[in-house]
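Student: sequence unknown, structure follows:
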Ligand code: 5GP
């Protein structure tokens, strides 16, 4: 049997998160290592490692959900753009990174020093501001 990913534990409520949005197929929450305020992960509830291997209905639903959240983030975080990144080198459970940005380097995942784990109260305040 497949071992549950950290995101499956979050989806099951076994690990806490700062939730932004939830429906029957997807969950969105703040990453603990944001490269920008409001850096959100949009995750399918089904545990599949790579985004490209999702069933078409789950794949389409995830991107529709990402669009809804990105439009909301752009307004609420008052930014020019919301960047999108798909990588998955750390957590083998498909997810879309949404990153509110005003400048090109805001999308960098290799800042020096790397982004620290965010303060829980700060994340809670941001989640409160952007929750759908
Ligand atoms: P990737 O797999 O695309 O390289 O990145 C995984 C993302 O998940 C990173 O932004 C990382 O900080 C985030 N992440 C890893 N573990 C947790 C966790 O337990 N809770 C939350 N909220 N985010 C996590």
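Tutor: Received the coordinates, thanks. Bear in mind the structure is a predicted one, so any value in this text is a computation, not a measurement. Numbers count the residues shown, from 1 in each chain.
Student: thought residue 102 was touching residue 79?
Tutor: Yes. Using Cβ atoms under 8 Å, residue 102 is in contact with residue 79, at 5.3 Å. For the C-beta atoms, the positions are set from N, CA and C on the backbone; glycine is no exception.
Student: Compare those two (neighbour count), which wins?
Tutor: When residue 102 and residue 79 are compared for neighbours, residue 79 comes out ahead with 19 against 11, by other Cβ atoms under 10 Å.
Student: Show residues contacting the helix or strand where residue 73 lies.
Tutor: Using DSSP states H and E, the element containing residue 73 is helix 56-76. With contact meaning Cβ atoms under 8 Å, 6 or more residues apart in numbering, helix 56-76 is reached by 20-21, 23, 25-26, 28, 38, 40, 42, 44, 46, 48, 51-52, 54, 79, 81-82, 84, 94, 96, 98, 100, 129-130, 132.
Student: Of these, just the buried ones, PyMOL syntax please.
Tutor: Applying 16 or more other Cβ atoms under 10 Å to the contacts of helix 56-76, the buried members can be selected in PyMOL as follows:
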select buried, resi 20+21+26+28+38+40+42+44+48+51+54+79+81+82+94+96+98+100+130
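Student: Those residues of this structure touching the ligand, which are they?
Tutor: For the chain, the residues in contact with the ligand (Cβ under 6 Å from any ligand atom) are 6, 15, 17, 29-33, 41, 87-91.
Student: Helices - which of these land there?
Tutor: If you go by DSSP state H, those have residue 6 in helices.
Student: now, which of the residues of the chain next to the ligand sits nearest residue 123?
Tutor: residue 30 (5.1 Å; Cβ to Cβ).
Student: related to what we said a few turns ago, please compute how far the helix holding residue 73 lies from its chain's middle.
Tutor: 11 Å (Cα atoms, centre = their mean, to the nearest Å).
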